[in-house]
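>>> Just the structure for this:
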Amino acid sequence: MSVSALNSGLSGLKAYSRALDSSGHNVANASTSGFVPQQVSFQEQPAGGVIANISREGSSLASQELSGTDLTSEIVQSIHFKTGFDLSAKIIKTADELLGTLIDIKA
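Model prediction:
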């Protein structure tokens, strides 16, 4: 059980790390003309855990138009992604403690 929790926590760390990278990329290019922001969606894996899918919605904007990045939305999403990352780290920490306890009991 603890090993599967470790795997779930690890997949969460990877997914939320990718999502944070995408959000940072969108914010960094917010003033770039014609930039189409990346969209993040999460999908459960069959064996447990999650994966972040990153795509670009819509077509590229005309070169004179500003970016389609909504900074307010990006800030809210970044907070959400950071919270998910922190929770995934806590899952790993707890699973590690439980696994250590199980190993100590059997010793």
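
>>> so where's the chain shaky on pLDDT?
1-2, 57-66, 102-107 (pLDDT under 70).

>>> Which strand or helix spans the residue nearest in space to the middle of it?
Closest residue to the average C-alpha location of the chain: Tyr16 at 1.7 Å, with Cα atoms, centre = their mean. For Tyr16, the host element (DSSP states H and E) is helix 2-28.

>>> Run through who's touching the helix or strand that that helix is followed by.
Per DSSP H and E, the first helix or strand lying C-terminal to helix 2-28 is strand 38-44. With contact meaning Cβ atoms under 8 Å, 6 or more residues apart in numbering, strand 38-44 is reached by 15, 18-19, 22-23, 25-26, 50-57, 77, 81. The C-beta positions use only the backbone N, C-alpha and C, and glycine is treated the same way.

>>> So which other helices or strands are in contact with the helix or strand containing Thr83?
Assessed by DSSP H and E, Thr83 sits inside helix 71-106. With contacts defined as 3 or more Cβ pairs under 8 Å, 6 or more residues apart in numbering; DSSP states H and E, helix 71-106 has these neighbours: helix 2-28.

>>> what angle do the helix it packs on and strand 38-44 make?
When axes from the mean of the first three to the mean of the last three Cα atoms, to 10 degrees is applied, the directions of helix 2-28 and strand 38-44 differ by 170 degrees.

>>> Centre of the chain to helix 2-28, how far?
Distance of helix 2-28 from its chain centroid, counting by Cα atoms, centre = their mean, to the nearest Å, is 4 Å.

>>> ok, and for it, which residues are buried?
2, 5-16, 18-20, 22-23, 26-27 (16 or more other Cβ atoms under 10 Å).

>>> cool, stretch 71-81 as well?
Applying 16+ other Cβ under 10 Å to stretch 71-81 flags Glu74, Gln77, Ser78, Phe81 as buried.

>>> Any idea how far that stretch is from the middle of the chain?
Stretch 71-81 sits 12 Å away from the centroid of its parent chain (Cα atoms, centre = their mean).

>>> nearest spatial neighbour of Phe35, skipping sequence neighbours?
Nearest residue to Phe35, sequence neighbours excluded (Cβ to Cβ, 6 or more residues apart in numbering): Ser67, at 4.0 Å.
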